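**Q** model this:
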Amino acid sequence: MAHVELSLSGAFVPQARTPAEDEFVPSVDRWTSTVAAAAEPCLVIDTSTTILAVSAACCELFGLGKPVEIIGQPLGEAMRLIDFTAVAAELDASDVEKIPPLLAIRSERLARGLLRVVPSPGEPPLTVDAITTPLLNGDRVAGSLTFFSPVR
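**A** Numbering: from 1, shown residues only. Okay, the predicted model is just below:
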């Protein structure tokens, strides 16, 4: 299995500024435009779990439709997260809080883990490896960026 490390730091991220106001553009704003054009399955959520950006590859992987259709939805409503039991029951609220996109926001650290998702009704469950980093606005967490890789 390939080993992937993700590290984002203000020291390595260019200081993006709006042309009109010459203000600092927050990390979330920079990453939403990057994710929208990404070839890899990835998404950005804010601290309320609202999907701010999603790649077309992510929508295809999870059977979500078009990116424009799920932007603005809570992550838990857009994706049907299930447990790893034979019953494949939906995750309860306490388990949802432990998935990497939410754990990275709460812990303010990188998070990685497996997720099991039902892409579309009637399709078999899909297991993905999720690698997430918190996104900062100044010194506060404003959201998270997650990359997904199917586990075969």
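
**Q** where does the protein have low pLDDT?
**A** 1-26 (pLDDT under 70).

**Q** change it to 50
**A** 1, 10-15, 17-18 (pLDDT under 50).

**Q** Now do the helices in it.
**A** 27-36, 56-62, 67-70, 75-78, 93-96, 100-107 (DSSP state H).

**Q** residues in contact with the fifth one?
**A** With CB atoms under 8 Å, 6 or more residues apart in numbering as the contact definition, helix 93-96 has outside contacts at Gly76, Leu81, Asp83, Leu102. Backbone N, C-alpha and C define where each C-beta goes, glycine included.

**Q** beta partners of Leu81?
**A** Val117 (DSSP bridges).

**Q** my bad, should have said Thr132
**A** Ala111, Thr146.

**Q** Neighbours of it, how many?
**A** Using other CB atoms under 10 Å, Thr132 has 27 neighbouring residues.

**Q** In contact with it: list those residues for me.
**A** So Thr132 contacts Pro100, Pro101, Leu103, Ala104, Leu110, Ala111, Arg112, Ser144, Leu145, Thr146, Phe147 (CB under 8 Å, 6+ apart).

**Q** Looking at the residues you listed, which one is closest to Thr34?
**A** Leu145 (8.7 Å; CB to CB).

**Q** picking up where we left off before, list only buried entries from the contacts of Thr132.
**A** Neighbour counting with 16 or more other CB atoms under 10 Å marks Pro100, Pro101, Leu103, Ala104, Leu110, Ala111, Arg112, Ser144, Leu145, Thr146, Phe147 as buried within these.
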